[in-house]
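> dropping the sequence and predicted coords here.
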Amino acid sequence: MPLRRLLVTGRHGFVGGVLARMLEHAPYAGLWQLVEISLDLDLRDPAAARALVERSEPDVVIHLAAQSAVPESFRDPEATFQVNLLGTLHLLQALKQQHFSGRMVYVSSGDVYGQVSAAELPANEERVPRPRNPYAVSKLAAEALCAQWAVTDAFDVVIARPFNHIGAGQSERFAISDFARQIASIKAGTREPIVRAGNLNISRDFTDVHDVVAAYFALIESGRTGEIYNVCSGRETSVSGLLDRLIALSGVAITVEQEAARVRQFEQTRMVGDARKILAHTGWQSKTPIEESLAAALEYWEKTLKKAD
């Protein structure tokens, strides 16, 4: 049986790197050929998108590439839309020009739900999105674009809405990874025993990155064209609680200080997703215990900082 050619935009990012490593092991090994792409690929350039698709001739596409930093989306919303919306359009056009007949998984974000009252939780796919930042608006716009192509061009696209995911290798721009980096520095003796944080009085739905990648493959095989799927655990976890667990894992006495500069504007206080649809359609559900994800994040930063010395 020939290997299926898999094009992953954002291949060199956090999730893309985990995905590439997972392809070397069961149950994915021997089934997929991951297309190599340039580190400096820029889908804002239509010619670059065409060249990528022409060269790769994919059977399946997972579109991960995005400007995913919420603070950056406030600083430069235009660039965020160019990457997240126009980049997606250019990829779709390139695939159409090459007569692509496979499936594309568009990776959106659970952040598109935005303003949701406590009574409306957990957020399901029928919930009308009310995004609270330019990043979420750009992802929602790209979702609409993909859904339109599914209708008018009979394009086989499935939309994933992943909620917060964590694990080894995530950028320190994200809170849990930043906490792990600070704690690793404290353990190494290069930082005073204080973790500086933003708003800790919030809760989110966290899923291990390996489970998130497994969800994308489940959607490739069993998702329904044009449908939207939450990728989440269905469990609400406080950010302060996760920080406490990281500190406990470190075995070091650490205090926490909140800094106003780290608090995000217009942040949703509580968020948890409804995972029933993806379970019903594909059988996928998150499996990795949160403690395992936290330990992996802390170990990653301990090793990374040690190498940097």
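Good, I have the coordinates.
> what about the strands in the stretch 1-150 of the chain?
4-9, 32-34, 60-63, 103-107 (DSSP state E, counting those that start in this stretch).
> any chance of the ones you listed in a markdown table, plus mean neighbour count, mean pLDDT and distance to Arg264?
To be clear about C-beta, it is placed using only N, CA and C from the backbone, and glycine gets the same treatment. Supplementary listing: the strands of the stretch 1-150 of the chain in a markdown table, determined by neighbours: other Cβ atoms under 10 Å; pLDDT from 0 to 100; distance: least, Cβ to Cβ, whole Å:
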| stretch | mean neighbour count | mean pLDDT | distance to Arg264 |
| --- | --- | --- | --- |
| strand 4-9 | 22 | 98 | 26 |
| strand 32-34 | 17 | 96 | 34 |
| strand 60-63 | 24 | 98 | 26 |
| strand 103-107 | 25 | 99 | 22 |
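> please name whichever of those is nearest to Leu19.
Go through these one by one with Cβ to Cβ and the one that ends up closest to Leu19 is strand 4-9, at 6.1 Å.
> export the strands of the stretch 1-150 of the chain as TSV, with columns for distance to Met22.
Shown next, in TSV, are the strands of the stretch 1-150 of the chain (distance: least, Cβ to Cβ, whole Å):
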stretch	distance to Met22
strand 4-9	11
strand 32-34	10
strand 60-63	12
strand 103-107	15
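> out of these, which comes closest to Leu249?
When the strands of the stretch 1-150 of the chain are ranked by distance to Leu249, counting by Cβ to Cβ, first place goes to strand 103-107 at 29.2 Å.
> from the middle of its chain, how far away would that closest one be?
Going by Cα atoms, centre = their mean, to the nearest Å, the spacing between the C-alpha centre of strand 103-107 and its chain's C-alpha centre is 13 Å.
> okay, now the sheet partners of that strand, with direction.
Its sheet considered, strand 103-107 pairs with strand 60-63 (parallel), strand 157-162 (parallel) by DSSP bridges.
> can you show me the CA trace of the shortest one as PDB?
Meaning strand 60-63. Output of strand 60-63 as PDB, limited to C-alpha atoms (Å, rounded to 0.1, in the frame of the first residue of the first chain):
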ATOM      1  CA  VAL A  60      -4.000  15.100   2.600                       C
ATOM      2  CA  VAL A  61      -3.400  18.600   4.100                       C
ATOM      3  CA  ILE A  62      -3.400  19.800   7.700                       C
ATOM      4  CA  HIS A  63      -3.300  23.600   7.700                       C
END
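> gap between it and the chain center?
Computed by Cα atoms, centre = their mean, the separation of strand 60-63 from the middle of its chain amounts to 14 Å.
> what do you get for stretch 217-231?
15 Å.
> so which bits of that stretch are buried?
Phe217, Ala218, Leu219, Ile220, Gly223, Gly226, Glu227, Ile228, Tyr229, Asn230, Val231 (16 or more other Cβ atoms under 10 Å).
> ditto for stretch 246-261
Neighbour counts using 16+ other Cβ under 10 Å place Leu246, Ile247, Leu249, Ser250, Ile254 of stretch 246-261 among the buried residues.
> stretch 6-24 too?
So stretch 6-24, judged by 16+ other Cβ under 10 Å, has buried residues 6-20, 22-23.
> switch the strands paired with strand 103-107 over to CSV; also include distance to Arg44.
Formatted as CSV, the entries for these read as follows, by distance: least, Cβ to Cβ, whole Å:
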stretch, distance to Arg44
strand 60-63, 14
strand 157-162, 20
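> what about those, which gets the closest to Glu299?
Relative to Glu299, the nearest member of the strands paired with strand 103-107 by Cβ to Cβ is strand 157-162, separated by 22.9 Å.
> what does that closest one contact?
In this structure, residues lying in contact with strand 157-162 by Cβ atoms under 8 Å, 6 or more residues apart in numbering are 103-110, 112-113, 125, 143, 146-147, 149-150, 207, 212, 215-216, 219-220, 223-232, 273.
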